[in-house]
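1. Mind looking at a prediction? Sequence and model below.
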Amino acid sequence: MITAKAFAGKHYAVYGLARSGLATAEALLASGAHVTAWDAKEQARANAPAGTEIANLDEADLSQFDSLVVTPGLPLNRHPIAQRARDAAVEIIGDIELFARARPELPPHKVVGITGTNGKSTTTALIHHILKTAGVPTEMGGNIGLPILAQDPLPEGGVYVLELSSYQIDLTQSLDCDVAVLLNITPDHLDRYESFEAYAASKMRLFAMQTDQHWAVVAVDDTTIRDKIFDLNDGPGALHIPNEGESIVFADQDEFPSLQGPHNAQNIWAAERVCGSLGIDRDAFEKGLRTYPGLPHRMERVREKDGVLFVNDSKATNPTATAPALAAFPSIRWILGGRAKTDELDECAPHFAHVRSAYTIGEAGELFAKLLAPHMPVSNCETLENALNHAAEDSQPGDTVLLSPACASFDQFKDFEQRGDRFRDLVGAL
């Protein structure tokens with residue numbers, strides 16, 4: 001695990017004992033800190049590492065702590081403990097900030113930080129894979145994989161590749177990324193932010209924390225956002241953006257079956273700029289692309305049966321994330337629905353011509369069926385099992401049965417992983 005003498009002797013409150021909270025408590029205790037922790041779930045409290053003091057932080061005097069370390073899922077805009085911490089003048093941070101504070105004690109290394117509304121996980125995993133293929137010591141963490149504090153320090157010359165949500169950036173004060181990446185910004189998580197502009201500003205803080213001469217990779221088309229980032233990151237020559245009029249398309253993308261679709265063209269473009277900034281040569285970069293296996297639930301090719309391809313894109317939890325999947329296949333049987341984040345599918349509309357028929361499920365099933373009915377045959381199937389069976393029956397050789405829900409999963413599933421796993425199981429049983 002990653003520890004630091006800088007934490008020794010300090011008293012930390014850790015709120016939430018899921019994976020990142022447990023890793024945080026263990027790293028702080030191993031560093032010689034005093035840790036008081038709380039989780040509303042009794043079983044989570046029982047899993048706290050030895051040496052942790054358990055106390056109800058919802059009632060405790062927070063002024064006794066040096067820092068309050070919270071899970072990124074905690075809504076800072078409305079959770080009572082956040083306001084109580086502000087009233088007590090106690091900083092609110094997350095495990096990424098603790099990693100940032102530990103960095104001076106780690107062997108010399110670099111950090112790549114990747115944010116954006118969509119594509120973060122794929123780009124993070126892709127860059128990590130390319131670096132590993134090129135022989136560079138590397139780990140990935142943040143919003144993907146093991147919590148960063150649970151990982152062993154890299155040797156000199158290593159690169160930490162971090163997927164960073166806006167929630168994690170909100171809890172971070174001093175992460176100076178050697179390369180910071182912004183893939184895109186579209187409306188999302190507006191229950192946590194007062195406006196889209198506030199959400200975008202949260203993403204852009206990643207660049208505000210950088211020092212001069214460090215690299216920024218920005219794939220967004222919005223020149224206003226680009227200008228703001230350039231003002232934040234003003235080291236000469238430090239900004240990678242698409243050239244004027246350039247289409248972000250990698251000429252040989254068809255060679256990489258795990259990286260199909262326009263969204264992955266953007267991910268490849270960003271990975272290419274990052275790896276170039278880190279000194280990875282072209283041959284090593286392309287070898288990494290060719291051998292990249294892809295991530296579960298993200299355009300995951302589950303099976304081909306009787307000439308029909310089945311694709312699990314359960315991670316697409318909003319229409320903006322679904323649109324690239326619709327663009328990637330020419331003849332689609334589309335399964336969508338769940339708990340809607342929006343009452344429209346406008347981002348998907350340019351690709352409706354690729355859809356031969358649609359099958360809606362979940363809470364949004366009736367709404368989406370009405371939206372799609374003028375454009376394509378559609379059935380409100382209610383459940384994933386019904387939708388898959390109907391889609392499979394209707395399919396012909398050359399079709400793709402695509403689960404790309406454009407919705408959250410919480411009406412019928414624990415999370416998008418459980419939804420994708422269920423789809424995979426159902427496809428396997430066909």
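-> Received, thanks. Numbers count the residues shown, from 1 in each chain.
2. May I see the domains of this structure written out as residue ranges?
-> By the assignment in automatic domain parsing, the chain contains the domains 5-93, 106-291, 300-428.
3. So for residue 100, which of those domains sits nearest?
-> Shortest distance between residue 100 and the domains of the chain, using Cβ to Cβ, is found for domain 106-291: 4.2 Å. Heads up, the C-betas are built off the backbone N, CA and C, glycines and all.
4. and the closest one, how far from the chain's centre?
-> Remark: domain 106-291 is offset 11 Å from the chain centroid, using Cα atoms, centre = their mean, to the nearest Å.
5. Secondary structure element holding the closest residue to residue 1 other than its chain neighbours?
-> Among residues not flanking residue 1 along the chain, residue 27 sits closest, at 5.0 Å (Cβ to Cβ, 6 or more residues apart in numbering). Taking DSSP states H and E as the criterion, residue 27 maps to helix 19-30.
6. Can I get that helix in PDB, CA atoms only?
-> Coordinates of each C-alpha in helix 19-30 appear next as PDB, following Å, rounded to 0.1, in the frame of the first residue of the first chain:
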ATOM      1  CA  ARG A  19     -13.500  -0.200  -0.800                       C
ATOM      2  CA  SER A  20     -11.800   3.300  -1.000                       C
ATOM      3  CA  GLY A  21     -12.700   4.000   2.600                       C
ATOM      4  CA  LEU A  22     -11.100   0.700   3.900                       C
ATOM      5  CA  ALA A  23      -8.000   1.300   1.800                       C
ATOM      6  CA  THR A  24      -7.800   4.900   3.100                       C
ATOM      7  CA  ALA A  25      -8.100   3.800   6.800                       C
ATOM      8  CA  GLU A  26      -5.500   1.000   6.300                       C
ATOM      9  CA  ALA A  27      -3.000   3.400   4.600                       C
ATOM     10  CA  LEU A  28      -3.400   6.100   7.200                       C
ATOM     11  CA  LEU A  29      -3.000   3.600  10.100                       C
ATOM     12  CA  ALA A  30       0.100   2.100   8.500                       C
END
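7. Helix or strand next in line after it, which one?
-> Sequence-wise, the next helix or strand downstream of helix 19-30 (DSSP H and E) is strand 34-38.
8. residue boundaries of the strands in the stretch 1-150 of the chain?
-> Using DSSP state E, counting those that start in this stretch, the strands of the stretch 1-150 of the chain run over residues 11-15, 34-38, 53-54, 67-70, 91-93, 109-115, 138-142.
9. ok, back up a step: would you turn the domains of the chain into JSON lines with distance to residue 99, mean pLDDT and mean neighbour count?
-> As requested, these are exported to JSON lines (distance: least, Cβ to Cβ, whole Å; pLDDT from 0 to 100; neighbours: other Cβ atoms under 10 Å):
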{"stretch": "domain 5-93", "distance to residue 99": "9", "mean pLDDT": "96", "mean neighbour count": "17"}
{"stretch": "domain 106-291", "distance to residue 99": "5", "mean pLDDT": "87", "mean neighbour count": "19"}
{"stretch": "domain 300-428", "distance to residue 99": "25", "mean pLDDT": "96", "mean neighbour count": "20"}
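10. Please confirm that residue 325 is located within a helix.
-> Yes: the assignment for residue 325 is a helix, going by DSSP: H, G, I helix; E, B strand; the rest coil.
11. I'd like the distance between it and residue 153.
-> Separation of residue 325 from residue 153 (Cβ to Cβ, to the nearest Å): 38 Å.
12. Just want the angle from the lengthiest helix in the chain to strand 109-115.
-> Ranked by number of residues, the top helix in the chain under DSSP state H is helix 262-277. Going by axes from the mean of the first three to the mean of the last three Cα atoms, to 10 degrees, helix 262-277 is angled at 160 degrees with respect to strand 109-115.
13. Going toward the C-terminus from helix 262-277, what's the next helix or strand?
-> Next along from helix 262-277, by DSSP H and E: helix 282-291.
14. got the contact list for that next one?
-> By Cβ atoms under 8 Å, 6 or more residues apart in numbering, the list of residues contacting helix 282-291 from outside reads 126, 129-135, 252, 255-256, 259, 268, 271-272, 275-276.
15. quick one: contacts of stretch 145-156?
-> By Cβ under 8 Å, 6+ apart, stretch 145-156 touches 1-2, 19-20, 22-24, 26-27, 95-96, 98-99, 102, 106-109, 137-139, 141-142, 160, 162.
16. now the helices: where do they sit in the stretch 201-350 of the chain?
-> 223-232, 262-277, 282-291, 319-328 (DSSP state H, counting those that start in this stretch).
17. Keeping just the C-alphas, turn the third one into CSV.
-> Extracted in CSV, the C-alpha atoms of helix 282-291 (Å, rounded to 0.1, in the frame of the first residue of the first chain):
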residue,chain,number,x,y,z
ARG,A,282,4.9,4.7,-32.3
ASP,A,283,5.6,1.0,-32.6
ALA,A,284,5.0,0.4,-28.9
PHE,A,285,1.8,2.5,-29.0
GLU,A,286,0.4,0.6,-31.9
LYS,A,287,1.3,-2.8,-30.3
GLY,A,288,-0.7,-1.7,-27.3
LEU,A,289,-3.7,-0.8,-29.4
ARG,A,290,-3.6,-4.1,-31.2
THR,A,291,-3.5,-6.1,-27.9
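18. Between helix 262-277 and it, find me the angle.
-> 150 degrees.
19. Noted, bye for now.
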